[in-house]
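Student: Pasting the sequence and the predicted model now:
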Amino acid sequence: MLDIRNLHAKVEDREILRGIDLKVNAGEVHAIMGPNGSGKSTLAQVLAGRDTYEVTGGEILLDGKDLLEMEPEVRAAEGLFLAFQYPVEIHGVSNTYFLRAALNAIRKYRGEPELSAGKFLGYIKEKIQLLGLTPDMLTRAVNEGFSGGEKKRNEIFQMAVLEPRLCVLDETDSGLDIDALKVVANGVNALRSPERAMIVVTHYQRLLNYIVPDFVHVLVNGRIVRSGGKELALALEEQGYGEIEELAGASA
Amino acid sequence: MATPDTLARPEEPLIAGHFSAVADRLPGRGLGWLERQREQARADFRRLGIPTTKHEEWRYTPLRDFSSIDFAPRAIACDVPELASHPIYGIEAFRLVFKNGVYDPDGGLGECPMGVRVLRLADALAQEDPLVRDHLGQYAKAHEHPFVALNTALFEDGVVVHVSRNAVVETPIHLVFASKTSHAPFAAHPRVLIVVEPGAEATVLESHLGFGGVYLSNPVVEVIVGENAKLEHTKLQDESLEAYHIATIDGLQGSDSVYTSNSVQYGAKLGRTDLNVFLNGQNVECWLNGVYVGMGSQLLDNHTRLDHAQPNGNSFEVYKGILDERSNGVFNGKIYVHQDAQKTDAKQTNQALLLSRNATIETKPQLEIYADDVKCTHGATVGQLDAESTFYLRSRGIPEATAKSLLTYAFASEVLERIGNEAVREITERMLYAKLGGGFPA
């Protein structure tokens, strides 16, 4: 589904991604782990099309289509979703209004009829239980005054509503206590399916106890230095990133 | 304060010719008090002249083009068929309609609610209504403001709204001033007097709607909110984009009263509003909410002045401007806290969103405080749309243009949300969608 080849990206004059290669197939869950500053979040933002990062080399293909050529909204319509590490508060726009505008924009892109306000409401009522959201969160402005946990749940809720094929979760565990983490992980697990791929970006192994990955990749200094199964995450938890960073330093 | 600048004004403005042109058709002739006001106003205008940008209060609002226009003292009769289908007619209200400054006897809708008298100013003068004699011209300052002087000298009609003591009037009183000209430019000077007696409550909606053409609309509105009374006064300015709208509102509040002014401005080539409220009692609450949207080369200028004259007064002022293309905004917010006005709490915010490199805003808060135990804050921000918010919306599939309109709409809707009357709020929101070019589902 996703094919990242020799991806290089920089912000201002600092090169952050220095040649990433990654293949993700439908149905797979890949975890990307790494120390602070390794480029994990940059990779997530580049996938979604944030223009503060400049791609200087390589390519990204989504089912053979050139992702880097697409505007962020086209990527979303093509089925990519980024759950933000820091979801943005948007005053004056209700969550419901926002999501209907988003869903209908995506449906329009795909040549499907738009959903009326009534039909949309019926549709999201099914989804709302998934994340244990309270109905008042739907009428409130997008993320405004939401707690950290509510913001992250709202991200996963949006993911459930938009039904993407490729989900990228950027440090969804950061700032969550264990109960909130379980709620969010349950929501994510409910969305796992053979047609859907996920990339879970995280600093800590903790989240991976609840969202069990098929593959784990360790990102250090803008490169994937090691890949393996879920046991790699456990090994990292015990040893820390120190040893692996040294290894990466030696090979650089 | 404006001072005459004879060097910049070598000749008498063209519009002063209207004084003699309309003299024999002005209402209220023979009323000594009014004739004296008019005569003084003519002298005031001749002394003040049309202000140039050398006047501090008009520094960013050039009237050069305006000064050279030969406005006719009255419009050639012009039908405004668009008016009846205007969304604002969807509001259930008691309505008085003026077209090009002339009362339209067929325009009214609804029945005058209990507890309020609504009459044409020309009729009130013909009947020598004592309310008009007691209040008209007592608050608007013709000697300081040339356009108030022009209005006082030249008004031919307008409205008197008189809410009786302790009356609670739910139905909005809607004053419609529609303008359209396909012929020569014309000038109209509507005059409005709103008196809310003690303990009463009312809602007044003032709509200035343009349907094309060059004209000057120069309304002056005097508002008296009695002790313990409540008034929501919403003004919608959606004049023709070639028109000049130069307006003055002068309010006076008694003790324990609440006055809410909502000012929504979408139209006019040049729109200037002077809004002055004198908080002349204790425990007064005053809300000034403003939204203005400029496109093309529109210039929208708001000068507000709040006088806290007595203790324990609260004022909350929020003005938000959206300026696109080559449009210009001016905001000048003065808060004057008099020596006796201890425990004043005044909060002023002005925010402007500049959507283009060529749009500008001149913003100036002015606090003058002569009491020592007060809380006064002011804040002005000028900015662009937040890149992170735009990206967030786009990452969910919303196209860039829609994302931007949505964020722009949201910026202004915070102020429109404050409009208490639901129907009025919805109409102003719908008009904002339309003004911003829509592009997203309602």
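Tutor: Great, that's in hand.
Student: So out of everything in the stretch 1-150 of chain A, what residue is nearest chain B?
Tutor: residue A:92 (3.0 Å; C-beta to the nearest C-beta). Every residue, glycine included, has its C-beta placed from N, CA and C.
Student: Pull up the gap between that residue and residue A:141, please.
Tutor: For residue A:92, the distance to residue A:141 equals 6 Å [C-beta to C-beta, to the nearest Å].
Student: check contacts around the closest residue to chain A within the stretch 301-442 of chain B.
Tutor: Closest residue of the stretch 301-442 of chain B to chain A, C-beta to the nearest C-beta: residue B:410 (3.0 Å). Counting by C-beta atoms under 8 Å, 6 or more residues apart in numbering or on different chains, residue B:410 touches A:90, A:91, A:92, A:93, A:141.
Student: same thing but at 10 Å, please
Tutor: Neighbour list for residue B:410: A:90, A:91, A:92, A:93, A:94, A:97, A:98, A:141, A:142, B:389 [criterion: C-beta atoms under 10 Å, 6 or more residues apart in numbering or on different chains].
Student: Phi, psi for the first one please.
Tutor: Read that as residue A:90. Note on residue A:90: its backbone torsions stand at phi -120, psi 110 [degrees, to the nearest 10].
Student: Need the pLDDT of it.
Tutor: Looking at residue A:90, its pLDDT is 91.
Student: count of residues packed around residue A:44?
Tutor: Residue A:44 has 22 neighbours, counted by other C-beta atoms under 10 Å in any protein chain shown.
Student: quick one: it is in a strand?
Tutor: No. Residue A:44 is assigned helix when assessed by DSSP: H, G, I helix; E, B strand; the rest coil, not a strand.
Student: Touching, it and residue A:30? I think so.
Tutor: No. The pair residue A:44 / residue A:30 is not scored as a contact, 12.0 Å apart, by C-beta atoms under 10 Å.
Student: Give the intersection of the neighbour lists for these two.
Tutor: A:168, A:199, A:200, A:201.
Student: now, which of those lie close to chain B?
Tutor: By C-beta under 10 Å from any C-beta of the partner chain, no member of these lies near chain B.
Student: and these, which of them are in strands?
Tutor: Filtering the shared contacts of residue A:44 and residue A:30 for membership in strands, criterion DSSP state E, returns A:168, A:199, A:200, A:201.
Student: Okay, strands next: where are they in the stretch 101-250 of chain A?
Tutor: With DSSP state E, counting those that start in this stretch as the criterion, the stretch 101-250 of chain A has strands at A:141-142, A:166-170, A:197-202, A:215-220, A:223-228.
Student: Likewise for the stretch 1-150 of chain B?
Tutor: Assigned strands in the stretch 1-150 of chain B, in chain order: B:94-99, B:102-103, B:116-120 (criterion: DSSP E, counting those that start in this stretch).
Student: then the first one to CSV, C-alphas only?
Tutor: Once side chains and other backbone atoms are set aside, the C-alpha atoms of strand B:94-99 remain, and they are given as CSV (Å, rounded to 0.1, in the frame of the first residue of the first chain):
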residue,chain,number,x,y,z
PHE,B,94,-42.4,45.6,13.2
ARG,B,95,-40.9,47.3,10.3
LEU,B,96,-40.6,50.9,9.0
VAL,B,97,-39.1,51.2,5.5
PHE,B,98,-37.4,54.2,3.9
LYS,B,99,-36.2,54.1,0.3
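Student: for that strand, packing partners?
Tutor: strand B:116-120, strand B:158-163, strand B:173-179, strand B:201-210 (3 or more C-beta pairs under 10 Å, 6 or more residues apart in numbering or on different chains; DSSP states H and E).
Student: In TSV, list those along with mean pLDDT, mean neighbour count and distance to residue B:285.
Tutor: Listed next are these as TSV, based on pLDDT from 0 to 100; neighbours: other C-beta atoms under 10 Å in any protein chain shown; distance: least, C-beta to C-beta, whole Å:
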stretch	mean pLDDT	mean neighbour count	distance to residue B:285
strand B:116-120	96	18	22
strand B:158-163	98	25	18
strand B:173-179	96	25	21
strand B:201-210	97	24	13
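Student: Export those as a markdown table, with columns for distance to residue A:180.
Tutor: Shown next, in a markdown table, are the helices and strands packed on strand B:94-99 (distance: least, C-beta to C-beta, whole Å):
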| stretch | distance to residue A:180 |
| --- | --- |
| strand B:116-120 | 55 |
| strand B:158-163 | 54 |
| strand B:173-179 | 51 |
| strand B:201-210 | 46 |
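Student: Which among the ones you listed is found nearest to residue A:75?
Tutor: Residue A:75 sits nearest to strand B:201-210 of all those, at 43.7 Å, using C-beta to C-beta.
Student: what angle separates that closest one from strand B:158-163?
Tutor: Note on geometry: by axes from the mean of the first three to the mean of the last three C-alpha atoms, to 10 degrees, strand B:201-210 and strand B:158-163 are set 160 degrees apart in direction.
Student: I'd like the average pLDDT over whichever helix or strand comes after strand B:201-210.
Tutor: Remark: after strand B:201-210, the chain's next helix or strand is strand B:215-217, criterion DSSP states H and E. What strand B:215-217 shows for mean pLDDT is 96.
Student: Residues in contact with strand B:215-217: which ones?
Tutor: Strand B:215-217 has contacts (C-beta under 10 Å, 6+ apart) with B:15, B:66, B:69, B:71-72, B:75, B:98, B:100-101, B:147, B:150, B:177-181, B:184-190, B:208, B:210, B:237, B:239-240, B:242-247, B:268, B:270-271.
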